[in-house]
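Chemist: Sequence and computational prediction follow.
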Amino acid sequence: MKILYLNNADYKTMNAGKEQVLKMTRAFRKNKAETKLVTFGLDKKTNPKHGKLQYSLRTIILLTKAKKGEQDVVMTRDLLLAILTKRKLKDRAIVIYELHNVHKKRSWEYLIKTAAKEIDMIVTISQGLTDYLKKNFEVKCKIITLPCAAEEPEKEMKKEKARRNLKLQKDAKIVIYTGALKEDRDIQTLIRTAKHTPDTKYLLFGNPTEWIKSKTKGSKNIKIMGYAKNPYTTYCAADVLFAGYSKNTNTYEYMSPIKLFEYGWSKRPMIITDLKRTREFYNEKEAWFYNEGDEKQLADTIRNAIEKKEKSRQKAENAYKRNKERTYKNRAKHIMTLAKSIQKTQSKRRTK
């Protein structure tokens, strides 16, 4: 199978979305697909001036790269590009659009409505996105729900070694959080919880904003650590990993939080806000849960997670096993399998 991945992005700067595209490109290749990534600013072959162009102009440039008979599949996160590519190639290639969020603009709603009728496949990163499409539009293309993935670490790291590397106290009870230090991550509940558990240290990794500094001022068992230089080592150093979310999170209905999957590889117990969307990714056998805003319950859950070591060990082990199903390679394999099925159907239609 020949795959052309058209990514409308400028790689002079990096973010999570651009990293994901690179990892998916490698994952397709690991599944023996001949995969070509076309984007901007990634190598010397691409025109550096193009990265500075407006998004819509880059769409047109990428459209010229898709040619009849040269690829079996075209994949993109550019909605307009997906529609134009399908109209250009017709049944000569499978066109796939990957949907990560919903935009409340009429122009975007028109495009997604059109794509749902015209292209071959939409990959969503959460059931919430799939439900949104089916509820609001006439969907004629195939839809597959595949959460984001996180790469498996090359080597497992024990808590003791991680703490030595980070110069953390060997026998301390430590709760670690990494990510955005904002209210919509329920950090304020974690801060209040620290008062109920003075024998536990709380290490918060992320951008030290004025808000978090003011909220933690005077706290004896909370420390703002700045950005985690080595996230995996940081996860492994924890007795408990905290993953707070809120219904006020702007992506709540549609999110597929990579951080949860990264936590899962560490084999350290997780405590996650109990929300419909977070339950989509892990269950009671794989993580501890607490109710948003309930610091007393969170304090009790932290104590249980630390004291009930065997139960926590089993949950962490189950989360690790669940992660094995959510690798980039498996994600790419699911997409390729469905694409081949569509390809066969279209081939039969052409021969009639």
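Modeler: Nice, I can see it. Numbering: from 1, shown residues only.
Chemist: in this protein, which spans are helices?
Modeler: 16-30, 55-63, 79-89, 106-118, 127-136, 159-166, 187-196, 210-216, 231-236, 258-265, 295-307, 309-324, 328-351 (DSSP state H).
Chemist: Ok, which of those helices comes nearest residue 177?
Modeler: helix 187-196 (6.6 Å; CB to CB). Every residue, glycine included, has its C-beta placed from N, CA and C.
Chemist: Extract the residue ranges of this protein that are flagged as low pLDDT.
Modeler: 44-52, 350, 352 (pLDDT under 70).
Chemist: Name the residues that touch the longest strand along the chain?
Modeler: Looking across the chain with DSSP state E, the single longest strand is strand 2-10. Contacts to strand 2-10, defined as CB atoms under 8 Å, 6 or more residues apart in numbering, come from residues 17-18, 21, 24-25, 28, 33-41, 51-52, 55, 58-59, 62, 65-66, 70-78, 81, 85, 93, 336.
Chemist: Kindly report the same for stretch 165-180.
Modeler: Contacts for stretch 165-180 (CB under 8 Å, 6+ apart): 160, 162-164, 185, 187, 190, 199-207, 228, 230-231, 233-235, 237-244, 259, 302, 306.
Chemist: Of those, grab the buried ones for PyMOL.
Modeler: Command for PyMOL that selects the buried part of these, burial taken from 16 or more other CB atoms under 10 Å:
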select buried, resi 162+163+185+187+190+200+201+202+203+204+205+206+228+231+233+234+235+237+238+239+240+241+242+243+244+259+302+306
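Chemist: on that earlier part again, now the longest strand of the chain, how far from the centre of its chain.
Modeler: 19 Å (CA atoms, centre = their mean, to the nearest Å).
Chemist: Same check on stretch 81-99?
Modeler: Worked out by CA atoms, centre = their mean, stretch 81-99 lies 24 Å from the chain centre.
Chemist: For residue 18, give me its contacts.
Modeler: Counting by CB under 8 Å, 6+ apart, residue 18 makes contact with 7, 9, 11.
Chemist: gap between residue 11 and residue 17?
Modeler: As for residue 11, its distance to residue 17 is 11 Å (criterion: CB to CB, to the nearest Å).
Chemist: repeat for residue 74
Modeler: Counting by CB to CB - residue 74 and residue 17 are separated by 18 Å.
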